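Novice: Structure for this input, please:
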Amino acid sequence: QPSFYILENYDEHNFIELNRHKNKTIDKAYYNGFHYGHRSNIVRFLKKSLYFDIKKKDDDFLQKDKYYEALSNYKMGLNMDGAAMICYRDIECFGLGVLLLREKIKNIFYEPLIANKHYIDLFEDIDMNSILYNEESHEELIKLIDARVMNLLLPDKTNEIIYNSRDWYEKYCLPENQLNLMYSFLKDMTIL
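Specialist: Numbering: from 1, shown residues only. The predicted model follows:
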C-alpha cells in the first residue's frame, strides 16, 4: 500500500533542523552505514572514486548529533538498498538539503519518489552486474560515475532536486503531516 516513511528516532527531526542550513562545503557524497550484501560490492567499487567519502558504521560510528553534523557538511549523500529498498539515510538527506545519490527507488509512496526529481539515480543505464561481479569493467565505470558526480556539483543542475526532496520531506516526514496523512487514509478508507 502507498505509505510514508519515518526517521529512526523521533528527535532526529531536531537534528535535521539544527543542521539543514549549514553551508555544504565538501564536494563529495558521504556514506556512513553498514557494508553487507550487495552494498559491500558497491562500496568496494565506489571507493575507487575521489567523489565518495565512505565510512563503515561499525568502525566509524557517530552519535546521532555528530552524524547529522558530519552529513550536513557534504553537498551529496550516498545511499544503497539494504535490508529494505529504502533507508533512513534517504530521508536524512532530504531533510538536510543534501543531494541524494542512490539506486532507483522502487517503493510505492503516497507521492512517488522519482529519480532525477527527488534524488539522482547514480547507476541509471549501468548494468549493476558489472559493478557487483565484474571488476574488469570497474575502471571504465568509475570514469562514468565520476563524470556524473562532477556534473552534479554545478548548483543549477541540482537546486531543483534538492528543493523537491526537501518539499517531499516536509509533506511526508514531519510528524504532524504524517498524522494528517494517516487520518486522511482512515477517513477515506479506500487504502484498506
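Novice: hang on, residue 90 packs against residue 80?
Specialist: No. The criterion here is CB atoms under 8 Å, and residue 90 misses it with residue 80 at 10.2 Å. C-betas here are computed from N, CA, C, even on glycine.
Novice: For residue 106, give me its contacts.
Specialist: Residue 106 makes contacts with residue 85, as judged by CB atoms under 8 Å, 6 or more residues apart in numbering.
Novice: tell me what the helix ranked longest in the chain is packed against?
Specialist: What stands out as the longest helix in the chain, according to DSSP state H, is helix 155-172. Using 3 or more CB pairs under 8 Å, 6 or more residues apart in numbering; DSSP states H and E, the elements in contact with helix 155-172 are helix 88-96, strand 99-102, helix 175-188.
Novice: so which of the ones you listed gets nearest residue 48?
Specialist: The closest of the helices and strands packed on helix 155-172 to residue 48 is strand 99-102. By CB to CB, the value is 15.5 Å.
Novice: Tell me which helix or strand comes right after the closest one.
Specialist: The first helix or strand that comes after strand 99-102 along the chain, using DSSP states H and E, is strand 120-121.
Novice: That next one: partners in the sheet, and parallel or antiparallel?
Specialist: strand 99-102 (parallel) (DSSP bridges).
Novice: and the partner strand, average pLDDT?
Specialist: Mean per-residue pLDDT for strand 99-102: 98.
Novice: now stretch 111-130
Specialist: Averaged across stretch 111-130, pLDDT comes to 93.
Novice: For it, give me every contacting residue.
Specialist: 38, 78, 90, 93-94, 99-105, 107, 131, 137-138, 141, 144-145, 148, 152, 158, 161, 164-165, 168, 171-172.
Novice: Quick one, which of those are buried?
Specialist: Those of the contacts of stretch 111-130 that meet the buried threshold are 78, 90, 93-94, 99-103, 105, 131, 138, 141, 145, 148, 152, 158, 161, 164-165, 168, 172, by 16 or more other CB atoms under 10 Å.
Novice: what about the residue lying closest to residue 31 once chain neighbours are set aside, distance to residue 159?
Specialist: Of all residues not flanking residue 31 in the chain, residue 78 sits nearest, at 3.9 Å (CB to CB, 6 or more residues apart in numbering). Distance of residue 78 to residue 159, computed by CB to CB, to the nearest Å: 19 Å.
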